[in-house]
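Asks: the following comprises the amino acid sequence and a computationally predicted model.
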Amino acid sequence: MIKHPAFFVGLARWSNLCSVNKTPFDLTGKVALVTGASKGIGEAMARLFARFGASVVVSSRQQAALDELAADIRQSGGDATGIEANVGNMEQVRSLLTRTVAVYGGIDIVVNNAATNPVFGPVADTDEAAFDKIMQVNVKAPFELSKLAYQTMKTRGGGVIINISSIGGVVPEPGLGIYSVSKAALVMLTKVMAKEWGPDNVRVNVICPGLIKTKFSRALWEDEKTLQRFTKHLPLGRMGNPEDIAGLALFLASDAAAYCTGGVFMADGGAVI
């Protein structure tokens, strides 16, 4: 069967990416910044990015934990630097980007993973201070950091921004009303940035995790009965691990996803179908 010439062009490009010395997931020469990286999903992404060749800046509010993680990544043959920052503070957000560029000379990948949810309960019981804190960390910080990164990325010929939302950004989660609102805003922010920044070859995608075994979600999985009640309705029948999100993030950060932007990628075991 004779195929369209574009098929052979695409096949040649893919074959080149899959050569002995390089896979389509290779991040060699790339600089990646991951917020909320001292544990959980952020840590898993940072480790995997470094394993595939990226120089990684890991960031959170605890320098000691970051130093330990960075040292462990370097001991495993990767390249990592820890930079402390509270993304609820916009001055620290701006400093984080500046310091990353100062260390590595630029930035190619940003993962907005840091998030907060200081309240659990009905929206009517959520006060203004909690609302502001959730929006500051979950929406404004990714907005500011991404804007700054975009300015650097477009001078380097492009880049990748990955936002970490939640299934709550698509379907409201009980007791997590304003958190769900913030994550829905992050989904739309992703689409807006993808549309505006695509001409500069800056790709922006968002991952919506379901129940993942992290400290952040401990209240939902520590009790075996609660966990079973949740997982029995999942098509895949289990809760996720941080590595389940890291693999998807690697795909989106790499050339394997070169034609993906503005995408909303669910990683929830089938919770939202």
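Replies: Cool, got the structure. Numbering: from 1, shown residues only.
Asks: just say helix, strand or coil for R229.
Replies: When classified by DSSP: H, G, I helix; E, B strand; the rest coil, R229 comes out as helix.
Asks: my guess is V206 contacts I161. True?
Replies: No - V206 is beyond contact range of I161, at 9.2 Å (criterion: CB atoms under 8 Å). (Glycine included, C-beta is placed from N, CA and C.)
Asks: other SSEs contacting the helix or strand where M45 lies?
Replies: Using DSSP states H and E, the element containing M45 is helix 40-51. Helices and strands touching helix 40-51, by 3 or more CB pairs under 8 Å, 6 or more residues apart in numbering; DSSP states H and E, are strand 31-35, strand 55-59, helix 63-75, strand 79-82, strand 109-112, helix 242-253.
Asks: if you set the cut-off to 10 Å instead, what comes out?
Replies: Under the contact definition 3 or more CB pairs under 10 Å, 6 or more residues apart in numbering; DSSP states H and E, helix 40-51 sits against strand 31-35, strand 55-59, helix 63-75, strand 79-82, strand 109-112, strand 159-164, strand 202-209, helix 242-253.
Asks: returning to that earlier point: common neighbours of V206 and I161, please.
Replies: Residues touching both V206 and I161 (CB atoms under 10 Å, 6 or more residues apart in numbering): N112, P142, T190, M193, A194, L252.
Asks: in a markdown table: the residues you listed, plus pLDDT and distance to T23.
Replies: Supplementary listing: these in a markdown table, determined by pLDDT from 0 to 100; distance: CB to CB, whole Å:
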| residue | pLDDT | distance to T23 |
| --- | --- | --- |
| N112 | 98 | 26 |
| P142 | 98 | 29 |
| T190 | 98 | 26 |
| M193 | 98 | 27 |
| A194 | 98 | 25 |
| L252 | 98 | 15 |
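Asks: JSON lines for the residues you listed, including distance to T214 and neighbour count?
Replies: Below are the shared contacts of V206 and I161 laid out as JSON lines (distance: CB to CB, whole Å; neighbours: other CB atoms under 10 Å):
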{"residue": "N112", "distance to T214": "16", "neighbour count": "29"}
{"residue": "P142", "distance to T214": "19", "neighbour count": "30"}
{"residue": "T190", "distance to T214": "21", "neighbour count": "26"}
{"residue": "M193", "distance to T214": "26", "neighbour count": "24"}
{"residue": "A194", "distance to T214": "27", "neighbour count": "19"}
{"residue": "L252", "distance to T214": "19", "neighbour count": "22"}
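Asks: what is the most widely separated pair among these?
Replies: P142 and L252 (15.0 Å; CB to CB).
Asks: contact partners for the nearest residue to N201 once chain neighbours are set aside?
Replies: Taking CB to CB, 6 or more residues apart in numbering, and ignoring the residues beside it in sequence, N201 has G158 as its nearest neighbour in space, at 3.1 Å. When contacts are counted by CB under 10 Å, 6+ apart, G158 touches D108, W197, G198, D200, N201, V202, R203, A258.
Asks: alpha carbons of stretch 261-272, as PDB, please.
Replies: Once side chains and other backbone atoms are set aside, the C-alpha atoms of stretch 261-272 remain, and they are given as PDB (Å, rounded to 0.1, in the frame of the first residue of the first chain):
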ATOM      1  CA  THR A 261      -0.200  22.000  23.700                       C
ATOM      2  CA  GLY A 262      -3.300  23.200  25.500                       C
ATOM      3  CA  GLY A 263      -4.100  19.600  26.500                       C
ATOM      4  CA  VAL A 264      -5.800  18.500  29.700                       C
ATOM      5  CA  PHE A 265      -4.400  15.100  30.600                       C
ATOM      6  CA  MET A 266      -6.200  13.100  33.100                       C
ATOM      7  CA  ALA A 267      -4.200  10.700  35.300                       C
ATOM      8  CA  ASP A 268      -6.900   9.400  37.600                       C
ATOM      9  CA  GLY A 269      -7.300   5.700  37.100                       C
ATOM     10  CA  GLY A 270     -10.500   6.400  35.200                       C
ATOM     11  CA  ALA A 271     -12.300   8.400  38.000                       C
ATOM     12  CA  VAL A 272     -13.600  11.000  35.600                       C
END
